[in-house]
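1. everything below, folded, please.
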Amino acid sequence: MAVVSEISPDGKKLTIAIKGRFDFGRHQEFRESYEKLNATPQSVIIDLKDATYLDSSALGMLLLLRDHAGGDESDIRVINTSSDVRKILAISNFDKLFDIN
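-> Okay, here's the model as predicted:
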């Protein structure tokens, strides 16, 4: 699987790891990783350590996740980003919507 999700034992934190290409081909798998949960977790971590590519559809998927998690009230962190991915996120002003590391 290119999208691996893990919920903490207390159900408060969801971690979604992306492996390989983060593009439209991952759309369904990515949505299922958070929509299948019974309750919305308090925080979500998107781990891009093993992501090799990110395109505009990935940005759209992150926005859909943000809306699902509560919009401005959501706590979503994007971690383990490469310098190229950080540049893409900064150019898109995603650094104002997400906590990016």
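2. going by C-alpha atoms from here, please, whenever you check contacts or count neighbours.
-> Will do.
3. contacts only, for the residue lying closest to residue 74 once chain neighbours are set aside.
-> Using C-alpha to C-alpha, 6 or more residues apart in numbering and skipping residues adjacent in sequence, the residue nearest residue 74 is residue 66, 6.5 Å away. By C-alpha atoms under 8 Å, 6 or more residues apart in numbering, residue 66 lies in contact with 72, 74, 76.
4. now the last one: how far from residue 62?
-> Applying C-alpha to C-alpha, to the nearest Å, the value for residue 76 to residue 62 is 9 Å.
5. and the strand of greatest length in the chain, which strands flank it?
-> Longest strand in the chain by number of residues (criterion: DSSP state E): strand 43-54. Strand 43-54 sits in its sheet next to strand 13-22 (parallel), strand 76-79 (parallel), going by DSSP bridges.
6. follow-up on the earlier one: ok, and the most crowded of the contacts of residue 66?
-> Ranked by the number of neighbours (other C-alpha atoms under 10 Å), these place residue 76 first, at 24 neighbours.
7. partners of that residue in the sheet?
-> Beta-bridge partners of residue 76, as defined by DSSP bridges: residue 44.
8. wait, doesn't it sit right on residue 96?
-> No - Residue 76 is not in contact with residue 96 according to C-alpha atoms under 8 Å; the separation is 11.5 Å.
9. starting at the chain centroid, how far to the longest strand of the chain?
-> Counting by C-alpha atoms, centre = their mean, to the nearest Å, strand 43-54 is centred 6 Å from the centre of its parent chain.
10. just want the angle from the very next helix or strand once past that strand to strand 13-22.
-> Next helix or strand after strand 43-54 toward the C-terminus (DSSP states H and E): helix 56-68. If you take axes from the mean of the first three to the mean of the last three C-alpha atoms, to 10 degrees, helix 56-68 sits at 170 degrees to strand 13-22.
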